[in-house]
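Undergrad: build the 3D model from these lines:
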Amino acid sequence: MQCFLATKPLREWLILQIARDRVGIEARIASGWRIMSDQPSLPPENHPPTYVAPQYQPGMDGQPVRPPFSKLAIGGFILSVVGLFIFGFLGFIGVLLSRRALHAIRLGTARGRGLAIAGLVIGIVAAIVYIIQLILRAIS
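TA: Numbers count the residues shown, from 1 in each chain. Now for the predicted structure:
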């Protein structure tokens with residue numbers, strides 16, 4: 001039984017493709033190209049066999065591809081913490097970013113649910129502390 005690559009129509013097509021190229025068949029053979037039937041089936045003894053490692057692609061080994069970590073969750077958490085200790089009004093922005101992050105996480109386009117919830121809680125606490133401080137300043 002003949003190999004698919006050794007069939008006569010394929011060999012003729014390959015020869016026609018090489019002949020159509022700007023560089024002639026003689027130049028290709030002179031530069032080291034070989035026609036498939038001229039190639040040895042085993043590597044020569046003076047060259048060690050080469051191994052090419054397969055390229056890894058995410059999800060190739062059967063594991064699902066994990067979505068990226070939510071930048072909104074990270075930003076919401078950071079702004080909430082800064083709002084709690086330094087600038088109280090940043091707690092409002094931290095709450096908004098954390099809510100948007102939770103929405104993206106529920107859709108499955110991002111991960112980081114715990115960080116988004118922490119940012120939401122800390123942001124709410126920071127906003128409440130900020131409002132209490134404003135009220136106390138207005139009264140006194």
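
Undergrad: what residues does the helix or strand hosting residue 106 touch?
TA: Using DSSP states H and E, residue 106 sits in helix 90-107. For helix 90-107, contacts defined as CB atoms under 8 Å, 6 or more residues apart in numbering pick out 70, 72-73, 75-84, 110-113, 115-117, 119-120, 122-127, 129-130. For every residue, glycine as well, the C-beta is placed using N, CA and C.

Undergrad: ok, stretch 124-139 next?
TA: Residues outside stretch 124-139 that contact it (CB under 8 Å, 6+ apart): 80, 83-84, 88-92, 94-95.

Undergrad: can you give me the buried ones in the lengthiest helix in the chain?
TA: Criterion DSSP state H: the longest helix present in the chain is helix 113-139. Buried residues in helix 113-139, counting neighbours by 16 or more other CB atoms under 10 Å, are found at 115-120, 122-124, 126-127, 130.

Undergrad: any chance of JSON lines for these, columns distance to residue 12 and pLDDT?
TA: Output for the buried residues of helix 113-139, formatted as JSON lines (distance: CB to CB, whole Å; pLDDT from 0 to 100):
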{"residue": "115", "distance to residue 12": "63", "pLDDT": "95"}
{"residue": "116", "distance to residue 12": "63", "pLDDT": "95"}
{"residue": "117", "distance to residue 12": "67", "pLDDT": "96"}
{"residue": "118", "distance to residue 12": "69", "pLDDT": "96"}
{"residue": "119", "distance to residue 12": "67", "pLDDT": "96"}
{"residue": "120", "distance to residue 12": "69", "pLDDT": "96"}
{"residue": "122", "distance to residue 12": "73", "pLDDT": "96"}
{"residue": "123", "distance to residue 12": "72", "pLDDT": "95"}
{"residue": "124", "distance to residue 12": "76", "pLDDT": "95"}
{"residue": "126", "distance to residue 12": "77", "pLDDT": "94"}
{"residue": "127", "distance to residue 12": "78", "pLDDT": "93"}
{"residue": "130", "distance to residue 12": "81", "pLDDT": "93"}
